[in-house]
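[1] With the input below, show me the fold.
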Amino acid sequence: MKPKKKNSHPYDYIIIGAGASGPIVAKSLASDGYSVLMLEAGLGVDPEDDDVWNPQRWFKVQEDPVIEWGYRSTKQKNLNGRTLNMMQSRCLGGCTIHNAMVYVRGGQTTYNYWEQSLGCTGWGYDDLKPLFEGIEQTIGILKGESDVLVEAVFKAAKNNGLPYNADYNTNPTEYGCVPFEFTIEADGKSMRRTTSYEKYIGAKGKVKNLTIEPGAFVHRILFAEEKGAGNIQANGIRYQNRFGDLKTEYVNKEVILSAGSIASPKILLQSGVGPKDDLEKLGIEVIKDLPAVGKNFYDDLGLPTVFIQKQTLPPQPYGFLTSGIFATDKPDFDPQKPRYADVNMEVQICSSDLPGAPQIGIPYYSIGMAAMHLKSRGTISLSSNDPREAPVVDPNYLSNPDDIKQCIFALKLALNIAWDGALENWRCFPVLPTAFPLPKSGGGWDWHWLGIEKTFDEYLENYIRNTAVTIQHYVGTCSMGTDPESSVVSPNLKVHGISGLRVIDASVAPTPVTGNTAGVSYVIGAKGAQLLKGSK
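    The predicted model follows:
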């Protein structure tokens with residue numbers, strides 16, 4: 001039954017962002033009969049564009065300036081002053097258009113920690129499990145098939161103490177070497193990327209009660225004070241459409257931010273919601289003093305290793321080899337003591353055979369890893385009061401001294417796997433890092449390297465500071481919690497102290513999950529839709 005409107009505005013809900021989470025919320029609200037406007041800063045993507053939909057071509061998608069925001073980090077003092085490309089997609093489908101399609105629920109212990117230790121009632125794994133299952137039926141999840149190289153990688157991992165794990169998404173632990181699962185659908189031998197927008201809204205964007213406006217760049221959220229109550233009420237948005245016109249839309253019920261871990265805090269800040277002192281310095285009227293907006297920015301850190309291949313690799317139809325390694329999140333993993341799991345890392349393997357992959361003139365494969373559950377936290381802030389200016393993105397990598405120790409430990413484990421005898425027929429010689437084991441006269445072996453550092457740990461530390469990259473697992477900047485001083489939204493995803501405003505995307509994750517962040521973005525969208533149903 002269509003809800004009765006109490007107001008005259010055309011839309012009951014306005015959703016900002018059509019990435020992983022927004023389409024799930026939009027479809028749910030529209031299906032319940034509410035009028036919904038979904039705004040997306042980017043445009044649509046050609047359904048026949050092979051660079052986008054072919055899983056093997058994800059490197060090329062991330063190079064597309066039409067799809068990418070082009071964000072850059074500040075100079076990272078702990079990465080030897082380097083600035084990094086902080087990739088974030090702007091299009092219908094958001095980062096599900098340009099990610100590497102690995103699907104990970106994110107670790108049962110992490111969600112239980114949110115509920116049991118952080119007070120986020122309803123966010124435990126048992127509550128989220130049926131939502132994950134529904135998402136997986138809608139999106140379509142493909143488990144990659146093994147091959148001779150994958151089996152060699154698994155043998156090398158097991159030789160280094162990591163057990164085989166048949167299904168990291170349904171087993172109580174992600175620990176061990178695992179066959180990856182992907183947001184890919186297969187039609188015979190043909191494979192195609194799937195996205196949240198495509199699966200929940202449809203390529204043509206035709207959903208009853210839903211209006212979709214691409215090319216809409218949001219300047220700010222609008223607010224009114226509820227009469228006699230002194231409460232702040234979000235009642236609309238101001239945005240620039242794709243023709244350059246400045247428009248205002250008001251809403252009957254709620255404004256929902258689903259713009260991601262960089263853009264969602266940016267929009268809150270430019271709307272006057274955030275740390276009071278920071279806003280006043282930029283001449284922005286303070287609507288609500290919320291110190292945590294834009295804080296708690298987290299990203300896993302990528303540590304590459306590259307080897308010249310000894311023989312031709314098997315095909316990589318998924319964009320990665322099927323092999324993955326999660327050396328973290330045992331059943332008794334404690335997120336408060338993340339190194340408890342020996343080392344926190346995820347290993348993904350791909351090669352120069354993939355279109356758009358960096359080339360060095362000779363075929364190679366990369367054993368790339370994400371160092372996870374690090375302690376450093378960064379910020380998203382504003383450079384000016386002009387909403388058209390890019391935000392200041394400071395991941396603050398390796399600011400906690402424990403993190404470099406964990407990265408060195410992770411890199412050593414990855415190198416031990418890479419140099420294991422099980423991979424001897426595939427590995428020729430190293431490119432990055434230029435380190436290799438040589439036998440000792442009395443038995444065993446020692447690491448040797450091409451560098452001036454006195455110890456192997458010093459060599460690896462310098463290598464990490466010179467080569468580490470973002471892994472694009474951004475979370476935390478509008479974190480969920482019960483304390484308005486240290487969080488931005490409550491467990492029902494409402495912004496503290498403001499009526500009619502929620503954030504529903506990966507930015508609400510209070511701590512990092514174990515693995516790639518598409519899965520947590522999907523489940524936050526599904527949970528947000530569930531919470532909205534419960535509030536009507």
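
[2] Please count neighbours and contacts with C-alpha atoms only from this point.
    Fine.

[3] Could I get the full set of strands for the stretch 101-250 of the chain?
    142-143, 176-179, 181-182, 184-187, 190-193, 210-214, 217-225, 232-240, 246-257 (DSSP state E, counting those that start in this stretch).

[4] Residue 387: which of the ones you listed is closest?
    In this view, the strands of the stretch 101-250 of the chain are compared for proximity to residue 387 by C-alpha to C-alpha, and strand 217-225 is the closest at 5.4 Å.

[5] Mind giving me the packing neighbours of that closest one?
    strand 232-240, helix 260-270 (3 or more C-alpha pairs under 8 Å, 6 or more residues apart in numbering; DSSP states H and E).

[6] redo that, cut-off 6 Å
    Based on contacts counted as 3 or more C-alpha pairs under 6 Å, 6 or more residues apart in numbering; DSSP states H and E, the elements that strand 217-225 packs against are strand 232-240.

[7] Residue 296 and residue 195, how far apart?
    In this structure, residue 296 and residue 195 are separated by 27 Å, where distance is defined by C-alpha to C-alpha, to the nearest Å.

[8] In terms of neighbours, single out the busier of these two.
    A side-by-side neighbour count of residue 296 and residue 195, using other C-alpha atoms under 10 Å, places residue 195 first with 29 against 24.

[9] can you pull the contacts of that one?
    Listed by C-alpha atoms under 6 Å, 6 or more residues apart in numbering, the contact set of residue 195 reads 93, 96.

[10] what do you get for residue 486?
    residue 292.

[11] Quick check, pLDDT for it.
    We note a pLDDT of 97 for residue 486 in this prediction.

[12] Doesn't it lie inside a strand?
    No - judged by DSSP: H, G, I helix; E, B strand; the rest coil, residue 486 forms no part of a strand; its state is coil.

[13] packing partners for the lowest-mean-pLDDT helix or strand in the chain?
    Within the chain, confidence by mean pLDDT, DSSP states H and E is lowest for strand 323-326 among all helices and strands, at a mean of 70. Strand 323-326 makes packing contacts with strand 176-179, strand 345-351 when contacts are defined by 3+ C-alpha pairs under 6 Å, 6+ apart.

[14] ok, residues contacting it?
    Defining contact as C-alpha under 6 Å, 6+ apart, one finds that strand 323-326 is touched by 150, 175-180, 345-348.

[15] with the residues you listed in mind, which one is nearest to residue 108?
    The nearest member of those to residue 108, counting by C-alpha to C-alpha, is residue 175 at 11.5 Å.

[16] Where does pLDDT dip in this structure?
    1-7, 188, 226-230, 322-323, 327-345, 536 (pLDDT under 70).

[17] Tell me where it has helices.
    22-31, 50-53, 58-61, 108-116, 125-139, 148-159, 196-200, 260-270, 276-281, 401-418, 456-467, 518-535 (DSSP state H).

[18] Highest mean neighbour count out of the ones you listed?
    Mean neighbour count, computed with mean count of other C-alpha atoms under 10 Å, is highest for helix 260-270 among the helices of the chain, reaching a mean of 26.

[19] Stretch 38-58: end-to-end distance?
    26 Å.

[20] I meant to write stretch 364-383 there.
    With C-alpha to C-alpha as the measure, stretch 364-383 spans 41 Å from end to end.

[21] and if you look at stretch 89-102?
    Calculated as C-alpha to C-alpha, the first-to-last residue distance of stretch 89-102 is 17 Å.

[22] do the same with stretch 117-128
    Using C-alpha to C-alpha, the span of stretch 117-128 from its first residue to its last is 17 Å.

[23] Send me stretch 498-506 as PDB with only the CA atoms.
    Taking Å, rounded to 0.1, in the frame of the first residue of the first chain, the C-alpha atoms of stretch 498-506 are listed here in PDB:
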ATOM      1  CA  ILE A 498      19.700  15.300  13.900                       C
ATOM      2  CA  SER A 499      16.300  14.000  12.800                       C
ATOM      3  CA  GLY A 500      15.700  12.800   9.300                       C
ATOM      4  CA  LEU A 501      19.300  12.100   8.400                       C
ATOM      5  CA  ARG A 502      21.100   8.700   8.200                       C
ATOM      6  CA  VAL A 503      24.300   7.500   6.800                       C
ATOM      7  CA  ILE A 504      24.200   4.100   5.100                       C
ATOM      8  CA  ASP A 505      27.500   3.000   3.600                       C
ATOM      9  CA  ALA A 506      30.900   1.600   4.500                       C
END
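
[24] Return the set of buried residues in that stretch.
    When neighbours are counted by 16 or more other C-alpha atoms under 10 Å, the buried residues of stretch 498-506 are found to be 498-506.

[25] List the contacts of the nearest residue to residue 224 once chain neighbours are set aside.
    Across the structure, with C-alpha to C-alpha, 6 or more residues apart in numbering as the measure, the residue nearest residue 224 apart from its sequence neighbours is residue 233 (5.1 Å). Applying C-alpha under 6 Å, 6+ apart, one finds that residue 233 lies in contact with 223-225, 498-500.

[26] just residue 30 next, same as before
    For residue 30, the contacting residues are 209-210, taking C-alpha under 6 Å, 6+ apart as the criterion.

[27] again, only using 10 Å
    Shown in contact with residue 30 (C-alpha atoms under 10 Å, 6 or more residues apart in numbering): 2, 12-13, 36-37, 207-211.
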